[in-house]
Each structure stands twice: as C-alpha cells, then as structure tokens.
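S.K.: from the sequence below, what's the structure:
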Amino acid sequence: MSERTNPTTAPLKPGRIGILAIYLAFVAVVVRTLVVEDNRPLLPQYIALELVYIILYTFILWKYTLPSWLMHLCIGLETVLVFLIFSLRPEFDFAVNLFLLLTYLISLFFTGRTRWIWIGLMVFLTGGLLIYYLGFLRGLALSLTTIAGEIVLPAYIIVNHEIETARARSQALLNELQITHQQLQLYADQVEELAATQERNRLARELHDTVNQLIFSISLTTRSTQLLLDKDPRRAAEELHNLKIMASDALSQLRSLITQLRPSKLPSDHNSP
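M.R.: Numbering: from 1, shown residues only. Okay, here's the model as predicted:
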C-alpha cells in the first residue's frame with residue numbers, strides 16, 4: 001500500500017493557528033526583503049520569486065491530499081525557489097527562513113523516514129548554503145537558530161499529533177466500553193426477565209397441580225359426607241369439620257401461589273394513588 005493511501009500515514013490537516021503563523025512568517029520575509037536597502041537593485045527578482053513561492057505554498061496547503069509523487073515534486077520546486085532567492089544575494093541570510101517554513105509542510109504531509117530525510121535536507125541546505133557563502137564560523141552562527149527551528153517545529157507537530165491520536169483512541173475505547181456496558185445491561189435484563197418468566201411458569205404448574213389435588217380431595221370428602229349423613233351423622237359432622245379445614249388450607253395455599261405469581265411492582269406503581 002502506498003504512503004498516501006495507508007490510513008496510518010495519512011497527511012495531517014493544517015491547523016488554523018499554524019496557517020496563520022506561516023503567513024505571518026511570509027509577511028516577515030517580504031517586509032525584511034523590502035526594508036533592506038542592499039536588496040533594492042534586485043527587488044523585482046526577489047518579489048517575483050517570493051510570490052511564486054507563496055502561491056505554490058498556498059496551493060499545497062489548499063490541496064493537502066495531493067499524491068505522494070506530486071507532493072515530493074512541489075517540495076522540490078519550493079526548495080529550488082529558496083535556493084534561487086538566496087543566491088540573488090547570499091548576504092541576505094534571512095531568506096533561509098523559507099527552508100524553515102518548508103519543514104511545516106514536510107511535517108504535515110510525510111511520515112517516518114521520508115519526513116526526516118526531507119527535514120535533514122532542509123537542515124543541510126540551511127547550514128551548507130550559509131557556510132559556503134559566508135564562511136564557516138559566520139555561516140554556522142547564522143544558521144543555528146534556523147536549524148533548531150527546523151528540528152523543533154516538526155518534533156512539536158509530531159508529538160502534538162501523537163497526543164491527539166492517543167486522545168481520539170481513548171475516546172473511541174470509552175465509547176466502545178459504554179456500548180458494551182449497555183449491551184451487557186440489556187443481556188442482564190433479558191436474563192432476569194427470562195428467569196422471572198420461568199419462575200412464574202413453575203408456579204403456574206404448581207398452582208394447577210395444587211388446585212386439581214385440592215378440588216379432588218374436597219370433592220371426595222364432600223361425597224363421603226353425603227353418604228354418612230344418613231348412616232352416621234356423628235362422623236358426617238366430623239367430615240364436615242375436616243372439609244372446612246381442607247377448604248381453609250386450600251384457600252391459604254391458593255392465595256400464597258397467586259401472590260408469588262404477581263409481577264414485581266414498577267417504580268411508577270409506588271407513586272400511583
């Protein structure tokens with residue numbers, strides 16, 4: 001899978017604050033170009049090259065999902081423009097700050113080894129051009145601040161992106177856990193409802209068996225009492241007493257089973273009058 005289509009190596013979207021800072025830096029470079037008197041004879045060339053640089057830079061920011069090969073080409077053209085701007089008058093060392101601005105694009109659009117190869121090239125060109133044209137000590141002294149920025153800026157962007165990615169992953173994991181918790185709660189409610197249904201079915205079967213047994217016993221006792229009314233009134237009276245006890249016990253058992261069959265009261269039931 002190519003670098004531009006792999007989701008893990010997708011380009012970072014430019015932030016508003018970062019874009020604002022970049023264009024403020026553009027303004028600083030242009031203003032510095034205009035105020036340096038020694039640049040006046042070459043001012044048209046400076047302005048033309050800087051304008052092309054800014055237009056191409058803006059195009060890259062606007063079309064931040066460019067294919068990898070086209071992005072390499074655009075960064076290469078920008079690098080050539082900076083080299084041409086610097087070569088107009090090497091004493092105008094402020095122009096190398098345009099290499100620093102390129103590291104912002106490189107940090108957004110490239111990842112891994114490709115990113116650091118381009119950043120290393122920017123560092124090499126910044127220090128190499130100044131040292132070549134201005135001498136080792138002066139060139140090194142003038143390039144150190146820009147080189148530090150070319151390293152710190154990408155590092156900041158990378159770390160900030162990793163923090164945002166970790167935060168997004170944590171939020172996604174939290175959302176997934178919440179969904180899982182809701183599903184488990186739903187399963188628990190279903191299991192509880194199933195258990196309650198099974199218990200009610202068991203009680204219903206028990207009620208059915210108990211009712212049949214009690215009715216059979218009462219019916220049998222009633223039949224016996226009817227037969228004893230003429231033959232043995234005393235025993236018939238005892239059987240009637242037993243029949244009364246049996247009816248009372250049957251009623252108690254039925255009430256108990258029916259009470260167990262009643263569904264649990266809902267919270268709204270407690271608030272009803």
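
S.K.: show me where the stretch 151-273 of the chain has its strands.
M.R.: Along the stretch 151-273 of the chain, no segments are classed as strands by DSSP state E, counting those that start in this stretch.

S.K.: which residues of the stretch 51-200 of the chain fall in helices?
M.R.: According to DSSP state H, counting those that start in this stretch, the stretch 51-200 of the chain carries its helices in the segments 68-88, 97-109, 112-134, 136-231.

S.K.: and those, which one's lowest on average pLDDT?
M.R.: Among the helices of the stretch 51-200 of the chain, helix 136-231 carries the lowest mean pLDDT, a mean of 84.

S.K.: tell me the angle it makes with helix 97-109.
M.R.: 20 degrees (axes from the mean of the first three to the mean of the last three C-alpha atoms, to 10 degrees).

S.K.: count of residues packed around L203?
M.R.: If you count neighbours by other C-beta atoms under 10 Å, L203 ends up with 17. Quick note: C-beta positions are derived from backbone N, CA and C, even for glycine.

S.K.: same question for the one 5 residues further on.
M.R.: For H208, the number of neighbouring residues by other C-beta under 10 Å comes to 11.

S.K.: for N201, see how far away it is.
M.R.: 11 Å (C-beta to C-beta, to the nearest Å).

S.K.: most remote residue from the middle of the chain, which is it?
M.R.: Here the centre of the chain is the reference, and by C-alpha atoms, centre = their mean the most remote residue is K231, at 90.9 Å.

S.K.: for it, list the residues it contacts.
M.R.: Neighbour list for K231: empty [criterion: C-beta atoms under 8 Å, 6 or more residues apart in numbering].

S.K.: same check on L142?
M.R.: So L142 contacts D93, L130, L134 (C-beta under 8 Å, 6+ apart).

S.K.: one more: E164?
M.R.: Counting by C-beta under 8 Å, 6+ apart, E164 touches no other residue.

S.K.: make it 10 Å
M.R.: When contacts are counted by C-beta atoms under 10 Å, 6 or more residues apart in numbering, E164 touches L12.

S.K.: and if you look at A188?
M.R.: The contact partners of A188, taken as C-beta under 10 Å, 6+ apart, number zero.

S.K.: run the chain-centre distance for stretch 59-74.
M.R.: 27 Å (C-alpha atoms, centre = their mean, to the nearest Å).

S.K.: an error on my part: the question was meant for stretch 16-25.
M.R.: Counting by C-alpha atoms, centre = their mean, stretch 16-25 comes out at 27 Å from the chain centroid.
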